[in-house]
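# Sequence and predicted structure are below.
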Amino acid sequence: MIERITQIMEREGLTPSKFAEAIGIQRSAMSHILNGRNNVSLDVLIKILGRFTYVDSDWLLFGKGEMIRDHVLTQPDLFSNTAINPPEGQVALEYRKEMRVDTPVNSVKQPVVEHIIQQETTTRKISKIMVFYTDNTFDTFISEKNKKE
């Protein structure tokens with residue numbers, strides 16, 4: 001298991017002390033694990049799997065299979081070029097579909113007429129990001145473009 005933990009550290013480019021910090025344990029505890037003085041506790045394993053979500057638990061615990069899970073779900077980050085934040089020069093349009101059904105007033109069966117209206121809306125861009133910390137403070141990040149306006 002020590003060898004597998006070392007492989008994760010190498011993949012992430014982390015020293016033992018930075019790895020300990022990343023998973024939320026003391027540096028001395030990490031040193032004891034890597035030197036073989038202490039066995040890896042369940043708490044440490046859970047912290048590793050929680051921090052490095054791509055790591056397959058069977059691989060970490062038993063050495064079976066590959067390090068990286070096959071079904072790792074990638075989440076878009078805030079700053080990637082998505083429909084919400086398109087690259088400069090591109091304008092992503094959002095289309096909304098409205099349906100209106102005209103129903104006849106008399107009881108004679110007539111075909112129902114359906115009207116579909118598409119509305120074009122402009123793309124929204126991120127203007128401000130607020131980060132709240134556990135000590136009840138916060139930082140506000142405002143786009144340079146919005147500061148000039």
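Thanks, I have it. Numbers count the residues shown, from 1 in each chain.
# can you give me the helices for this structure?
2-12, 16-23, 27-34, 42-51, 57-62, 144-148 (DSSP state H).
# average pLDDT for the second one?
To tie it back to what came earlier, the one meant is helix 16-23. Helix 16-23 carries an average pLDDT of 94.
# and what of the shortest one?
Mean pLDDT, taken over the full extent of helix 144-148, equals 64.
# in the protein, which helix or strand is least confident?
Sorting the helices and strands of the chain by mean pLDDT, DSSP states H and E puts strand 94-102 at the bottom, at a mean of 59.
# With adjacent residues omitted, what lies nearest to residue 138?
Of all residues not flanking residue 138 in the chain, residue 132 sits nearest, at 4.7 Å (CB to CB, 6 or more residues apart in numbering). No exception for glycine: its C-beta is placed from N, CA and C like everyone else's.
# oh sorry, the question was meant for residue 39
Closest to residue 39 by CB to CB, 6+ apart is residue 33, at 7.6 Å.
# Let me see the contact set for that neighbour.
Residues counted as contacts of residue 33 (CB atoms under 8 Å, 6 or more residues apart in numbering) are 2, 5, 39-40, 44.
# Alpha carbons only: can I get stretch 57-72 in CSV?
Included here for stretch 57-72 are C-alpha records, laid out as CSV according to Å, rounded to 0.1, in the frame of the first residue of the first chain:
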residue,chain,number,x,y,z
SER,A,57,-10.5,2.1,-4.2
ASP,A,58,-9.8,-1.6,-5.1
TRP,A,59,-6.4,-0.5,-6.5
LEU,A,60,-5.6,1.5,-3.4
LEU,A,61,-6.8,-1.1,-0.9
PHE,A,62,-5.9,-4.4,-2.6
GLY,A,63,-3.7,-3.6,-5.6
LYS,A,64,-6.2,-4.9,-8.0
GLY,A,65,-6.9,-3.2,-11.3
GLU,A,66,-5.7,0.2,-12.4
MET,A,67,-5.0,3.3,-10.4
ILE,A,68,-7.5,5.5,-12.3
ARG,A,69,-11.2,4.5,-12.2
ASP,A,70,-12.8,3.9,-15.6
HIS,A,71,-15.9,5.9,-14.7
VAL,A,72,-14.3,9.1,-13.4
